[in-house]
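predicted model and sequence below, questions to follow.
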Amino acid sequence: MNTSPMITTSPYVSRRKFLNLSRLALVGGVLASTPQIWATLDSEPIDTTSIMPEASGIFKAAPLPYAYDALEPTIDAETMHLHHNKHYVTYTKNLNKALSQAPELKSKQLITELLSDIHSLPASVQKIIRNNGGGYYNHSLFWRWMTPNGGGTPKGLLEAAIKEKFGDFSTMQKKFNKEAASVFGSGWTWLIVADNSDLTITSTPNQDNPLMKGVVETPGQPILGLDVWEHSYYLKYKNDRTKYIAAWWNVVNWKTANTLFASTTSQ
Ligand code: MN3
């Protein structure tokens with residue numbers, strides 16, 4: 001079936017623009033002017049065949065790319081286990097169940113395709129795929145947006161883009177934190193390249209995500225996402241979501257974000 005890497009199917013791939021690349025070369029130095037080399041240093045491959053395993057229309061829960069206790073003390077092992085082994089696995093099962101009830105969707109197996117055209121899905125499975133397909137996509141990336149050796153700041157093109165849009169990393173981070181703290185109920189906060197090419201911080205309720213055109217206020221390509229559902233932090237942080245958000249930056253995997261961002265600016 002379609003196993004193309006997600007980043008090459010992005011609608012943004014053909015739209016370079018957004019930032020003046022020659023100027024970026026000056027900002028980022030020699031490495032930024034040679035994206036191929038830079039990519040091997042500060043990014044890592046994003047491939048749906050490993051991050052969102054799928055075969056013959058059946059999606060599989062991807063194994064966590066590190067041990068359940070690897071993000072301690074930021075994220076405790078019990079939370080990671082429940083989050084991955086129960087919540088994520090359930091989204092995956094429910095997504096597959098819905099797809100099995102709508103065989104006409106076989107031609108749209110890429111999760112990104114399903115989510116970007118929610119309103120075209122059969123009414124009988126639309127809501128289920130929105131919630132569980134969103135849950136599947138969001139969490140599949142969320143595991144990769146974290147790493148035991150995380151933290152620090154983004155590099156290369158993303159570093160320069162954040163500087164251009166927000167002034168500096170710290171300002172972006174504060175804005176992201178404020179956005180995440182203000183999500184009412186369950187949802188996600190995102191750093192995205194919006195469809196208008198603007199680097200933007202936005203939030204979505206439940207398991208919605210910025211791929212969902214016609215559903216979310218600001219559609220675009222996710223670069224970084226934070227789960228602010230209580231199941232992602234309550235065991236350790238109780239009701240103190242602000243503390244969870246502040247600590248989360250210690251495990252952020254900027255390589256994943258760098259790669260996703262590079263995919264939106266390449267030809
Ligand atoms: Mn979650």
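Noted; the coordinates are in hand.

for whatever helix or strand residue 179 lives in, which positions count as buried?
Applying DSSP states H and E as the criterion places residue 179 in helix 169-181. Counting neighbours by 16 or more other C-beta atoms under 10 Å, one finds that the buried residues in helix 169-181 are 172-173, 176-177, 179-180. (Glycine included, C-beta is placed from N, CA and C.)

name the helices or strands packed onto the helix or strand hosting residue 225?
For residue 225, the element it lies in under DSSP H and E is strand 220-227. Counting by 3 or more C-beta pairs under 8 Å, 6 or more residues apart in numbering; DSSP states H and E, the packing neighbours recorded for strand 220-227 are helix 134-144, strand 187-194, strand 199-205, helix 254-265.

what's the average pLDDT for the third one?
When you say that, I think you mean strand 199-205. The pLDDT scores in strand 199-205 average 98.

equivalent analysis for the first one, please.
For helix 134-144, the per-residue pLDDT values average out at 97.

tilt between the very next helix or strand once past it and helix 254-265?
Using DSSP H and E, the helix or strand that follows helix 134-144 in sequence is helix 156-166. If you take axes from the mean of the first three to the mean of the last three C-alpha atoms, to 10 degrees, helix 156-166 sits at 80 degrees to helix 254-265.

give me the pLDDT value at residue 103.
Per-residue pLDDT puts residue 103 at 85.

the closest residue to residue 215 other than its chain neighbours and residue 205: what is the separation?
Nearest in space to residue 215, with sequence neighbours left out and distances taken as C-beta to C-beta, 6 or more residues apart in numbering, is residue 118 at 5.4 Å. Note on residue 118: its distance to residue 205, by C-beta to C-beta, to the nearest Å, is 14 Å.

give me the more crowded residue out of those two.
Neighbour totals were compared for residue 118 and residue 205, and residue 118 leads with 20 against 12 (other C-beta atoms under 10 Å).

ok, and which of the buried residues of helix 169-181 reach the ion?
When contact is defined as C-beta under 5 Å from the ion, those do not meet the ion at all.

on that earlier part again, what is the orientation angle of the strand holding residue 225 with strand 199-205?
Orientation note: strand 220-227 sits at an angle of 60 degrees relative to strand 199-205 (the same axes, to 10 degrees).

does the ion sit close to strand 220-227?
Yes - Strand 220-227 lies within reach of the ion by C-beta under 5 Å from the ion, at residue 227.
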